[in-house]
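Asks: compute the structure for the input listed below.
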Amino acid sequence: MGWASCARVAATLLEVVATSAAHAQLAGHGGPVRALAVSADGDSLLSGSFDTSAIRWSLKTDAAGEVLRHHAGAINAVAFLQDGRMITAGADARLAVWTAGRPQPDQVLEGHTGPVVALAVASDGSTLASASWDHSVRLWSLADGASREFEGHAQNVNGVAFAPDGMSLVSVGYDRALCIWRLPEGRPEMVELPAPLNAVAIAPDGEIVAAGADGKLRMLTADGEPAGEVAAGSAPIVALALSDDGTLIAAAGIGGTVAIVERKSRSVLRTLVGPGFPVWSVVFLHDAATLVTGGADGRIRRWNVHTGEPVGSNLFGTSADPLAAYAGDHGADVFRACVACHTLSAKEPQRAGPTLAGLFGRKIASLPGYRFSEALKTMDIVWTPETVAKLFEVGPNAYTPGTKMPEQRIGSAEDRRALTDFLARATSR
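Replies: The predicted structure is shown next:
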């Protein structure tokens, strides 16, 4: 099936969803959703993506409330503080502290020298922990930004979690090590497990759950003694979540499934099967009956934990088809592959990519208020029908090296012409 045919099929499917679901929705991220967190009041969801943006969503309306942009690379971890502030951490080795409604971070925390891939917030809200591929764990004071570095892992550190009493911190890494750091001294106790470790969580009773690259969950006591294991699947587990009461575990695999595990009985209750894309992030809502997942396709899905069935339209995003006014327009059908990342009007909430309003005649990387890749700022490209057509003829990686835009090409000259004709009409309003 050709590119244009795929676009037309996608358009038809979207129209079916729009007429059959109570909330027809679109994804807002332009890349895999790497991280998810739920606010303490249960009203908001925070997502972080490979597209370098974080989005705060309303769980009441499933609509994006704001897009957070600061990081120069993928956002690998997100968290909410008790007071509603948000934390994002990324491949640029930075952590950013945000207040809702403000366009820039209140505070930027620097100290790591490699990508930051996991965050944990202490129960009293005063301290933040981060895990990094620089082989270290850092403990940050949220009062003044001061940090302490804990070293002990020999390879990438992939996960971190606070004990319920806040007196210890647990980290796991690709070196198969699970380290229990006794606070405040930071004295480590190391346990070596049989497989590389990708994530860790700690239950309210102090039991530690570690997720392995061999598809197994391993449980340990608060002192690091073995307490059981569960084979959650055959693929590596890349994300882990516990329900608030600690009774259920969600283990997301690189193969695209999520195992729901009853912790006490060490048994898999059911397996959630999505569209086959890797699941990069999971989080339980506070009702313990709903799980939210973030996929490699950029979609955020909601699931009924007890039945294993998807909830509603199963996608978070805008509540209406943004291209409904262009039904039957071939150029709009071609553009549909771009609509998850780009708006056509500056009046719409910003998505993962810059708005295309007023595109033609604008120099590349010159739109105010959007954080472009540094490589694009040095290029002498002005967007015209010809340059946009060339972008999709050879692909973004070849035409604009260093771009954050996902690689995609349009092989048909007719489809490229239809796209540029459509953009000329739709972005000049």
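
Asks: got the contact list for stretch 212-222?
Replies: 163, 168, 178, 180, 191, 193-198, 206-211, 226-237, 240, 249, 251, 253, 261, 263, 266 (CB atoms under 8 Å, 6 or more residues apart in numbering). Backbone N, C-alpha and C define where each C-beta goes, glycine included.

Asks: just the buried residues of it, please?
Replies: If you call a residue buried by 16 or more other CB atoms under 10 Å, then stretch 212-222 has these buried ones: 212-220, 222.

Asks: what is the neighbour count of the residue nearest to Tyr370 when sequence neighbours are not counted?
Replies: Of all residues not flanking Tyr370 in the chain, Pro354 sits nearest, at 4.3 Å (CB to CB, 6 or more residues apart in numbering). Residues near Pro354, counting by other CB atoms under 10 Å, number 21.

Asks: over to Ala203?
Replies: Around Ala203 there are 21 residues (other CB under 10 Å).

Asks: now, which of the buried residues of stretch 212-222 lie within strands?
Replies: Taking DSSP state E as the definition of strands, those contribute 212, 216-220.

Asks: and those, which is the shakiest by pLDDT?
Replies: Among those, Gly212 has the lowest pLDDT, at 94.

Asks: Ala120 - that's part of a helix, no?
Replies: No - if the criterion is DSSP: H, G, I helix; E, B strand; the rest coil, then Ala120 is strand and not within a helix.

Asks: need the contact list for it.
Replies: 79, 128-130, 160-162, 169.

Asks: helix or strand: which one has the closest residue to Arg69 other than its chain neighbours?
Replies: Using CB to CB, 6+ apart and skipping the chain neighbours, the partner closest in space to Arg69 is Arg371 (4.8 Å). In this assignment (DSSP states H and E), Arg371 forms part of neither any helix nor any strand.

Asks: so Arg371 touches His70, yeah?
Replies: Yes - Arg371 is within contact range of His70, at 7.1 Å (criterion: CB atoms under 8 Å).

Asks: of those two, which one has the most company?
Replies: Neighbours were counted for Arg371 and for His70 using other CB under 10 Å; His70 has more, 19 against 14.

Asks: check contacts around the more buried one.
Replies: Applying CB under 8 Å, 6+ apart, we find His70 in contact with 88, 94, 96, 104-105, 108, 371.

Asks: could you check the pLDDT of it?
Replies: pLDDT, His70: 90.

Asks: which residues in the protein form helices?
Replies: 3-20, 330-335, 374-377, 385-394, 396-399, 413-426 (DSSP state H).

Asks: buried set for the third one?
Replies: By 16+ other CB under 10 Å, the buried positions in helix 374-377 come out as Leu376.

Asks: so which residues make contact with that helix?
Replies: Defining contact as CB under 8 Å, 6+ apart, one finds that helix 374-377 is touched by 72, 364-365, 400-403.

Asks: could you identify the buried members of those?
Replies: Here, 16+ other CB under 10 Å leaves 364-365, 400, 403 buried among the contacts of helix 374-377.

Asks: columns distance to Val33 on top of the residues you listed, output as JSON lines?
Replies: Output for these, formatted as JSON lines (distance: CB to CB, whole Å):
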{"residue": "Ile364", "distance to Val33": "27"}
{"residue": "Ala365", "distance to Val33": "25"}
{"residue": "Thr400", "distance to Val33": "24"}
{"residue": "Thr403", "distance to Val33": "20"}
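
Asks: name the nearest of those relative to Arg336.
Replies: Distance to Arg336, by CB to CB, is smallest for Thr403 among those, at 20.4 Å.

Asks: for that closest one, which non-adjacent residue is spatially closest?
Replies: Pro396 (4.9 Å).

Asks: run a quick neighbour tally on the one you found.
Replies: Using other CB under 10 Å, Pro396 is surrounded by 17 other residues.

Asks: measure it to Lys216 for me?
Replies: For Pro396, the distance to Lys216 equals 39 Å [CB to CB, to the nearest Å].

Asks: Val311 now?
Replies: Counting by CB to CB - Val311 and Lys216 are separated by 28 Å.

Asks: my guess is Gly48 meets Met86, correct?
Replies: No - the criterion here is CB under 8 Å, and Gly48 misses it with Met86 at 9.8 Å.

Asks: higher neighbour count, these two?
Replies: The neighbour count for Gly48 versus Met86, taken as other CB under 10 Å, is higher for Gly48 (32 against 24).

Asks: check contacts around that one.
Replies: Contacts of Gly48 by CB under 8 Å, 6+ apart are 33-36, 54, 74-78, 88, 90.

Asks: ok, the residues you listed vs Phe277, which is closest?
Replies: Distances from Phe277 to these, taken by CB to CB, are shortest for Val33, at 10.2 Å.

Asks: partners of the residue nearest to the closest one when sequence neighbours are not counted in the sheet?
Replies: Nearest non-adjacent residue to Val33, counting by CB to CB, 6+ apart: Gly294, 2.8 Å away. Following DSSP bridges, Gly294 is listed with bridge partners Ser281, Ile300.

Asks: got a list of what Leu183 touches?
Replies: Going by CB under 8 Å, 6+ apart, Leu183 touches 139, 166-169.

Asks: scan these and report the most crowded one.
Replies: So for the contacts of Leu183 (other CB under 10 Å), the most neighbours sit at Leu169, 25 neighbours.

Asks: any idea of the pLDDT on that one?
Replies: At Leu169, the pLDDT value in this model is 97.

Asks: try Gly411
Replies: Gly411 is given a pLDDT of 87.

Asks: report the separation between it and Val334.
Replies: According to CB to CB, Gly411 and Val334 sit 12 Å apart.
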